[in-house]
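K.L.:
What shape does this take:
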Amino acid sequence: MSQQVVSPRIRGFIGVNAHPEGCARNVERMAAEARLSGTGGHLRNVLVIGASTGYGLATVLASTFGAGADVLAVCLERPSEEEKTGSAGWYNLVAAQRLAAEEFRTVRVINADAFAEDTKQQVIADLRQHYGPIDLVVYSIAAPRRKDPESDTVWQSALKPIGERYVGPTIDMRTDSVVEVAIEPATDDEIANTVHVMGGEDWALWMHALLDAELLAFGCQTVAYSYVGPEQTHAIYRHGTIGRAKEHLEATAHDLNAEMHQRISGGAWVSVNTAIVTQAAAAIPTVPVYMSVLFKVLREHELFEDTVQHITRMIHDHFSPATPPRPDADGLLRLDDREMLPEVQAEVARRFSAVTTENLLTTTDYPYYKLWFEQLFGFSVPGVDYDAPTEVHRPLVQN
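P.N.:
Numbers count the residues shown, from 1 in each chain. Alright, predicted model coming up:
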């Protein structure tokens, strides 16, 4: 046993450590929300690839406690080591497993590199041993690098604009100030590498492996998570290297959808979700300013959703027996419909252009944005005594 007093160590947009009890309380709150807004027991078995934080974690909880499914969660997280805490994602899934076991539900975890062929084979073996046919496969991977499964090549993603230098505002959370950042345009290699990491290649490899292993139920659906966002973020996001990868993801969905339909009467989709605070999102210039304004406007319009509410709505509206997937004209599931309402975006655009360091705390929801960011790592969670020692060695347990 190792009891420690854990204090936050956050460097810019990177959380160096995590508070185990704070993470557990977060997961308990999210599981309670999933029970409250759940969709019933229509899902039997769900595979979530990228399952430990953000929308991936919300999918595990919404599927388990809201839709009554048994879940296999795939992630790559760091356990505690001697005096070092584990990662937030590790503690999140430890808590999810504990809560599931208390309700005689199944959440198994495979902690390994989702890009690796060995991991895919490990997942296939685990599904054969512990699960029936899979009803829903969710792909929610956000990673900075990926190793080519057929060589020693390692692709590194780049967060850059394409064609022109980008200059725009972002928030320095160390000083709570609005600062200007400049980013040079990506090279052709950086664009190609980002597509390899964040496009649809690995998703397609997963689905082909699962199809060939005959582990997908008749009518099984798969969905990959994405984001489009507003004009304010397009230069660095939708029109940048990440956007090029997302275009590849959407093209992959089109091809996979045809194959899934032909082989098992299933389907493959990209869900365009609403903006949420994640460590990855915090690294994208302009996005913190945009989110801080967006959250305030959504609250004023009574349209704000947390991550579990958002994914519960996705399952209810697109993956329940009475409501099959309903894509838009481009074949996308537009879960960002509230964020992108014309009246919401008009008000966000008006306020966005006027944000300064001096009015950041009063004209935006930046205090909530910062609180959400701290809570990603288990800090600033109500009801947690941060002066008290807590057990940092919390194992994942397979049943």
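
K.L.:
The strand ranked longest in the chain: partners in the sheet, and parallel or antiparallel?
P.N.:
Scanning the chain for the longest strand, with DSSP state E as the assignment, gives strand 216-226. Strand 216-226 pairs in its sheet with strand 134-139 (parallel), strand 267-272 (parallel), by DSSP bridges.

K.L.:
For those, give me JSON lines that also has mean neighbour count.
P.N.:
Using the backbone N, CA and C atoms, a C-beta is placed for each residue, glycine as well. Formatted as JSON lines, the strands paired with strand 216-226 follow (neighbours: other Cβ atoms under 10 Å):
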{"stretch": "strand 134-139", "mean neighbour count": "25"}
{"stretch": "strand 267-272", "mean neighbour count": "25"}
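
K.L.:
would you turn these into CSV with distance to residue 320 and mean pLDDT?
P.N.:
What follows is the strands paired with strand 216-226, written out as CSV (distance: least, Cβ to Cβ, whole Å; pLDDT from 0 to 100):
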stretch, distance to residue 320, mean pLDDT
strand 134-139, 11, 98
strand 267-272, 14, 98
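
K.L.:
Nearest approach to residue 218 belongs to which of these?
P.N.:
strand 134-139 (9.7 Å; Cβ to Cβ).

K.L.:
Give the other helices and strands that the helix or strand immediately after that closest one in the chain contacts.
P.N.:
Using DSSP states H and E, the helix or strand that follows strand 134-139 towards the C-terminus is strand 145-147. Packed against strand 145-147, as judged by 3 or more Cβ pairs under 8 Å, 6 or more residues apart in numbering; DSSP states H and E, are the following elements: strand 154-156, helix 188-198.

K.L.:
Pick the most deeply packed of those.
P.N.:
When you average the neighbours per residue for each of these (mean count of other Cβ atoms under 10 Å), helix 188-198 leads with a mean of 19.

K.L.:
Please enumerate residues in contact with that helix?
P.N.:
142-146, 148, 155-158, 160, 162, 186, 201, 241-242, 244-246, 248-249 (Cβ atoms under 8 Å, 6 or more residues apart in numbering).

K.L.:
list the buried ones in the next helix or strand after it?
P.N.:
Proceeding N to C from helix 188-198, the next assigned helix or strand is helix 201-212, under DSSP H and E. With burial defined by 16 or more other Cβ atoms under 10 Å, the residues of helix 201-212 counted as buried are 201, 202, 203, 204, 206, 207, 210, 211.

K.L.:
nearest residue to residue 179 other than its sequence neighbours?
P.N.:
In space, and not counting its chain neighbours, residue 179 is closest to residue 172: 5.0 Å by Cβ to Cβ, 6 or more residues apart in numbering.

K.L.:
Quickly list what the one you found is bridged to.
P.N.:
residue 177.

K.L.:
quick revisit: can you lay out the helices and strands packed on strand 145-147 as TSV showing distance to residue 87?
P.N.:
Shown next, in TSV, are the helices and strands packed on strand 145-147 (distance: least, Cβ to Cβ, whole Å):
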stretch	distance to residue 87
strand 154-156	21
helix 188-198	20
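
K.L.:
Redo these as JSON lines? Include distance to residue 350 and mean pLDDT.
P.N.:
What follows is these, written out as JSON lines (distance: least, Cβ to Cβ, whole Å; pLDDT from 0 to 100):
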{"stretch": "strand 154-156", "distance to residue 350": "38", "mean pLDDT": "97"}
{"stretch": "helix 188-198", "distance to residue 350": "32", "mean pLDDT": "97"}
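
K.L.:
Which one of these lies nearest to residue 69?
P.N.:
Here helix 188-198 is closest among these (Cβ to Cβ), at 26.9 Å.

K.L.:
Name the residues that touch stretch 386-399?
P.N.:
1-7, 19-22, 79-80, 85-86, 90-91, 93-94, 97, 101, 106, 108-109, 111, 379.

K.L.:
just how off-centre is it within its chain?
P.N.:
Averaging C-alpha positions (Cα atoms, centre = their mean, to the nearest Å) puts stretch 386-399 23 Å from its chain's average.

K.L.:
Report the mean per-residue pLDDT for the helix or strand containing residue 90.
P.N.:
Assessed by DSSP H and E, residue 90 sits inside helix 88-102. Mean pLDDT, taken over the full extent of helix 88-102, equals 97.

K.L.:
Tell me how many other residues crowd the nearest residue to residue 65 once chain neighbours are set aside.
P.N.:
Leaving out its chain neighbours, the residue that sits closest to residue 65 by Cβ to Cβ, 6+ apart is residue 34, at 4.0 Å. Residue 34 has 25 neighbouring residues, counting by other Cβ atoms under 10 Å.

K.L.:
pretty sure residue 34 is in a helix, no?
P.N.:
Yes: assigned with DSSP: H, G, I helix; E, B strand; the rest coil, residue 34 falls within a helix.
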